[in-house]
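Sequence and predicted structure are below.
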Amino acid sequence: MTNTVIQVENLSKQYRLGIVGTNTIRDDVSRLWARIRGKEDPTLKIGQTNVLTNNSEIRSEKSDYIWALKDINFSVQQGEVLGIIGKNGAGKSTLLKILSKVTAPTTGSVKVKGRIASLLEVGTGFHGELSGRENIFLNGAILGMTKAEIRGKLDEIIDFSGVETYIDTPVKRYSSGMYVRLAFAVAAHLDPEILIVDEVLAVGDAEFQKKAIGKMQEVSSGQGRTVLFVSHNMASIKQLCSQGMLLANGKILTNGPVGEIISEYLITDTKENAEWIRKNESNSEIFFNSIKIYNSKKILTYSIATEEDFEIHISLTSLERVNGATVSIRFENMEGVPIFTTSLNDTYHLKDYIDKGNFELIAHISKNILVTGKYKLIIACFISRIRLFDYVDKLAISIEDLYINNKDKDRLGFVIPDYKWEFNRF
């Protein structure tokens with residue numbers, strides 16, 4: 001029998017779009033005056049726009065309000081590690097703040113069974129004037145622990161954080177990385193039933209990130225505690241989490257096994273199509289005009305069957321003859337791991353230049369060896385280690401198992417070689 005520790009029902013969070021709240025009164029007045037005149041917000045940085053302004057999905061009919069979350073329903077079981085993913089502005093941090101009781105929902109309910117420790121941003125719950133040691137006791141007290149309980153964990157926390165040299169120094173003097181180390185160590189070691197971690201681990205170095213992932217795995221699998229983890233690092237999400245939830249525009253798009261959710265997120269991020277067409281002028285001597293993916297039936301699509309032939313058509317313009325230039329296609333899995341690369345040089349060994357003119361390049365992928373899943377394509381034109389002329393990373397393919405050769409779904413790895421077995425009796 002499963003034990004539900006978090007139950008979220010019909011959860012929504014609405015915010016009012018204010019015209020004040022910048023850093024100074026002067027900026028607030030300028031912002032108000034611009035709004036009255038119907039002008040653009042003068043406090044925005046170059047290239048910045050309010051992405052929520054025209055988003056009807058999260059904006060209510062009354063234009064001064066937006067829904068950061070809308071009708072969220074899900075449950076989390078004891079010992080489950082849930083990865084929450086989505087683009088910036090999807091509502092991930094708002095959801096975690098509600099679960100951590102930092103803010104209240106507008107509608108709906110959240111039922112939590114157990115003590116929560118949250119790490120939502122650098123220095124969460126820390127007082128800058130207090131030392132690292134004093135902040136450990138402060139955080140423990142907030143979690144409802146006694147001094148004796150905290151003392152029992154103190155040495156372990158300090159050792160894990162790696163800031164023992166500065167443990168009696170006020171944390172206002174800590175770097176962001178030291179903040180994260182100590183804050184995570186406190187949150188993970190003070191025995192919470194539920195650990196909530198936002199993107200803050202990205203601040204730490206690679207060694208600490210690996211250490212933190214290991215600790216969260218220990219907390220969940222070894223101690224049966226529940227972890228909610230938000231990150232843009234898909235490799236970390238896949239390594240740590242068993243289940244995933246994809247948010248977009250304040251709503252749950254889908255949830256399920258973490259591998260499927262990651263693929264859904266990243267294939268959506270590549271626009272789920274098999275065609276790229278240049279929209280802006282290029283100032284390079286060589287540039288791509290369009291790139292298209294066709295299956296074995298010459299249909300434009302990103303869905304390719306296992307072991308099916310397919311083609312990648314590249315339209316290219318060269319404004320002058322360029323020596324040493326080539327075009328390559330790199331296939332990556334959805335965690336950014338390169339699977340294989342092919343280039344024009346694989347066929348045209350003797351031609352060491354691209355002439356002036358317009359060209360169509362066709363890469364024929366015969367009997368593709370990729371296992372089922374989603375893959376990203378990186379197409380580049382360059383002179384090796386000298387110059388990059390053009391680069392496109394907006395296309396993806398989905399290899400679908402259509403049971404052409406009845407390959408089993410438990411097969412591990414990235415590729416299926418062209419193999420043959422013999423089965424002899426002797």
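Received it, and whenever you're ready, just let me know what you need.

Which helix or strand lies directly C-terminal to the helix or strand of the chain with the lowest mean pLDDT?
Each helix and strand of the chain was given a mean pLDDT (mean pLDDT, DSSP states H and E); the minimum falls on helix 25-36 at a mean of 68. Proceeding N to C from helix 25-36, the next assigned helix or strand is strand 65-77, under DSSP states H and E.

Does anything pack onto that following strand? Which helices or strands?
Applying 3 or more CB pairs under 8 Å, 6 or more residues apart in numbering; DSSP states H and E, one finds that strand 65-77 makes contact with strand 4-16, helix 92-99, strand 226-230, strand 251-257. Heads up, the C-betas are built off the backbone N, CA and C, glycines and all.

would you turn these into CSV with distance to I286, mean pLDDT and mean neighbour count?
Compiled in CSV, those are given as follows (distance: least, CB to CB, whole Å; pLDDT from 0 to 100; neighbours: other CB atoms under 10 Å):
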stretch, distance to I286, mean pLDDT, mean neighbour count
strand 4-16, 47, 88, 17
helix 92-99, 40, 89, 22
strand 226-230, 41, 88, 25
strand 251-257, 38, 89, 16
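
any chance of those in TSV, with distance to S296 too?
As requested, those are exported to TSV (distance: least, CB to CB, whole Å):
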stretch	distance to S296
strand 4-16	45
helix 92-99	40
strand 226-230	40
strand 251-257	30
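
Out of these, the one nearest K113 is which?
Closest approach to K113 among these (CB to CB): strand 4-16, 4.7 Å.

who's in contact with the closest one?
The contact list for strand 4-16 (CB atoms under 8 Å, 6 or more residues apart in numbering) reads 60, 64-78, 91, 94-95, 98-99, 103, 105-114, 193-194, 226, 228, 250.

Direction included, what does it pair up with?
Strand 4-16 pairs in its sheet with strand 65-77 (antiparallel), strand 107-112 (antiparallel), by DSSP bridges.

Go through those and name the closest to F414.
strand 65-77 (31.3 Å).

between that closest one and strand 251-257, how many degrees?
Angle of strand 65-77 versus strand 251-257, following axes from the mean of the first three to the mean of the last three CA atoms, to 10 degrees, is 20 degrees.

quick one: whatever helix or strand comes next after strand 65-77 to chain centroid distance?
Sequence-wise, the next helix or strand downstream of strand 65-77 (DSSP H and E) is strand 81-85. Remark: strand 81-85 is offset 11 Å from the chain centroid, using CA atoms, centre = their mean, to the nearest Å.

and strand 81-85, which residues are buried?
Using 16 or more other CB atoms under 10 Å as the test for burial, strand 81-85 gives 81-85.

which two in these are spaced the farthest apart?
Farthest apart among these by CB to CB are V81 and I85. That separation is 13.1 Å.

circling back: of the strands paired with strand 4-16, flag the one that's most buried.
strand 65-77 (a mean of 19; mean count of other CB atoms under 10 Å).

relative orientation of that one and strand 226-230 in degrees?
140 degrees.

Show residues contacting strand 65-77.
2-17, 52, 55, 58-60, 82, 91, 94-95, 98, 105, 108, 226, 228, 245, 249-252, 255.

got the contact list for L316?
286-289, 327, 354, 358-361, 381.

Wasn't it part of a strand?
Yes: assessed by DSSP: H, G, I helix; E, B strand; the rest coil, L316 belongs to a strand.

What's opposite it in the beta bridge?
Going by DSSP bridges, L316 forms beta bridges with F288, F359.

From A363, how far off is it?
For L316, the distance to A363 equals 12 Å [CB to CB, to the nearest Å].

With G108 instead?
Taking CB to CB as the measure, G108 falls 50 Å from A363.

do the same with N345
12 Å.

just R385 next, same as before
Remark: distance between R385 and A363 (CB to CB) = 22 Å.

Settle it for me: which of these two has more neighbours?
A363 (20 against 5; other CB atoms under 10 Å).
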